[in-house]
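>>> with the sequence up front, the predicted model follows.
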Amino acid sequence: MNKYVVAFYSSMLAELKQEIIEANSVFEAAISYLGWTAEDIGEAKTLTDLQEILYGMEDTIHVLDLAKALKTNWGGGGLQTRIAQFDSESRLQ
């Protein structure tokens, strides 16, 4: 399993939420975050398909693969430290 950061924006609530999810793919991470069933996703097979469904609901979702982000040093040199801090803080709740 890989770790992903799932970011979800609800335009109705004007709210952005982010959560670390463990899953096998970005698609599975998005579905896991949304809590959707097979009926909810319909014919969707990719993250882009889910994004199109959510766009119709005036919402959006993005999934960041942390392993890839760390390999490319995306987000600066302190990304690993921030991830570890987020993990420990999220366990306290």
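Yep, it's here. Numbering: from 1, shown residues only.
>>> average model confidence for the helix or strand hosting residue 32?
Using DSSP states H and E, residue 32 maps to helix 26-34. On average, the pLDDT along helix 26-34 is 95.
>>> same deal with stretch 10-18?
Mean per-residue pLDDT for stretch 10-18: 93.
>>> neighbouring contacts of that stretch?
Here stretch 10-18 makes contact (CB atoms under 8 Å, 6 or more residues apart in numbering) with 5, 6, 7, 8, 9, 58, 59. Every residue, glycine included, has its C-beta placed from N, CA and C.
>>> by neighbours, which of those residues wins?
Neighbour counts for the contacts of stretch 10-18, by other CB atoms under 10 Å, peak at residue 6, which reaches 21 neighbours.
>>> how about the CA coordinates for the helix holding residue 32, as PDB?
Output of helix 26-34 as PDB, limited to C-alpha atoms (Å, rounded to 0.1, in the frame of the first residue of the first chain):
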ATOM      1  CA  VAL A  26      -4.700   7.200  -6.700                       C
ATOM      2  CA  PHE A  27      -8.200   6.000  -7.900                       C
ATOM      3  CA  GLU A  28      -8.600   3.800  -4.800                       C
ATOM      4  CA  ALA A  29      -7.400   6.500  -2.500                       C
ATOM      5  CA  ALA A  30     -10.000   8.900  -3.900                       C
ATOM      6  CA  ILE A  31     -12.800   6.400  -3.600                       C
ATOM      7  CA  SER A  32     -11.800   5.500  -0.100                       C
ATOM      8  CA  TYR A  33     -11.700   9.200   0.900                       C
ATOM      9  CA  LEU A  34     -15.200   9.800  -0.600                       C
END
